[in-house]
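**Student:** What follows is a protein structure lacking sequence information:
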């Protein structure tokens, strides 16, 4: 009988000790977790910032209709240029060209905006780490001027074109007029980014911001002989709802493009 009672006491003591061992203190349950660092969210915030002309450059130029302005870039250690163009609420029609040397234009973009204040031009351009000029030409009439600012991009925008392919999945847009449409969600964020590149072959495509069936609010038509060194990076303003981004590959079928689209 003594042996039985001693074994019973041992079992009870073991169960009590096990219960105590697995009790979690109230303090440990309510202790807040330390937030983890997210490169993706940091990049998105960087993409949204500093697109005002005064935030791009202290030198803001007015470009009258049927005239042109140029911006010089001579720092061979830098490669990415940030460009912004706006109007006072009237349409914007322009052509952007990258000049390297006296007669080489490896990158050109035709731009249209229904309202240059609501839908300003916001883009990044690669200089290939060479002495270059960015020329903006106002293709509109004399009565439709615009203002422009251009300077070397600051981090994270200066590295964003290298980061995006490593962190996001691309959509392949085949050549010969292939079309890819991306409806934007209803959100109060009000911006969307398009990054368009190739695998070093030519990039010839049109990117449009639609609001309703074939109602083009803004469009970019790009041509370059190297879609890596001179990829297309643009940020659209999207006030309100009902927007769709449409990409049309104008190159032959042998030259697919890769699209990265994100609402910011």
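**Tutor:** Perfect, thanks for sending it. Here the structure is a predicted model, which means the values were calculated and not measured.

**Student:** Surely residue 140 is in contact with residue 95?
**Tutor:** No. Using C-beta atoms under 8 Å, residue 140 makes no contact with residue 95, being 10.6 Å away. Glycine gets a C-beta too; all of them are placed from N, C-alpha and C.

**Student:** More neighbours: the two, which one.
**Tutor:** Set residue 140 next to residue 95 and count neighbours by other C-beta atoms under 10 Å: residue 140 wins out with 21 against 15.

**Student:** does the closest residue to the more buried one other than its chain neighbours belong to a helix or a strand, and which?
**Tutor:** Leaving out its chain neighbours, the residue that sits closest to residue 140 by C-beta to C-beta, 6 or more residues apart in numbering is residue 93, at 4.3 Å. Secondary structure from DSSP states H and E places residue 93 in strand 92-100.

**Student:** go on, residue 143?
**Tutor:** For residue 143, there is no host helix or strand (DSSP H and E).

**Student:** State the number of residues packed around the closest residue to residue 203 other than its chain neighbours.
**Tutor:** Closest residue to residue 203 apart from its sequence neighbours, by C-beta to C-beta, 6+ apart: residue 227 at 3.3 Å. Using other C-beta under 10 Å, the number of residues around residue 227 comes to 26.

**Student:** Residue 227 and residue 237: what is the separation?
**Tutor:** Counting by C-beta to C-beta, to the nearest Å, the gap from residue 227 to residue 237 is 25 Å.

**Student:** sorry, back to before: in the helix or strand following the strand holding residue 93, which residues are buried?
**Tutor:** Downstream of strand 92-100, the next assigned helix or strand under DSSP H and E is strand 104-113. Neighbour-count burial for strand 104-113, counted by 16 or more other C-beta atoms under 10 Å, picks out 106-113.

**Student:** and what of stretch 66-80?
**Tutor:** 69, 71, 73, 79-80.

**Student:** Among those residues, name the ones in strands.
**Tutor:** Mapping these onto strands (DSSP state E) picks out 69, 71, 73, 80.

**Student:** And the furthest pair within those residues?
**Tutor:** Maximum pairwise distance in these, criterion C-beta to C-beta, is 19.7 Å, between 69 and 80.

**Student:** Spit out the contact partners of the closest residue to residue 231 other than its chain neighbours.
**Tutor:** Spatial nearest neighbour of residue 231, excluding adjacent residues (C-beta to C-beta, 6+ apart): residue 197 at 3.9 Å. Each residue near residue 197 by C-beta atoms under 8 Å, 6 or more residues apart in numbering is listed here: 161, 165, 203, 227-228, 231-232, 257-258, 260.

**Student:** just residue 218 next, same as before
**Tutor:** Shown in contact with residue 218 (C-beta under 8 Å, 6+ apart): 112-114, 119, 208-209, 236.

**Student:** what about residue 146, how many neighbours?
**Tutor:** What residue 146 shows, counting by other C-beta under 10 Å, is a neighbour count of 28.

**Student:** gap between stretch 229-249 and the chain center?
**Tutor:** Here the centre of stretch 229-249 is set off from its chain's centre by 9 Å, with C-alpha atoms, centre = their mean, to the nearest Å.
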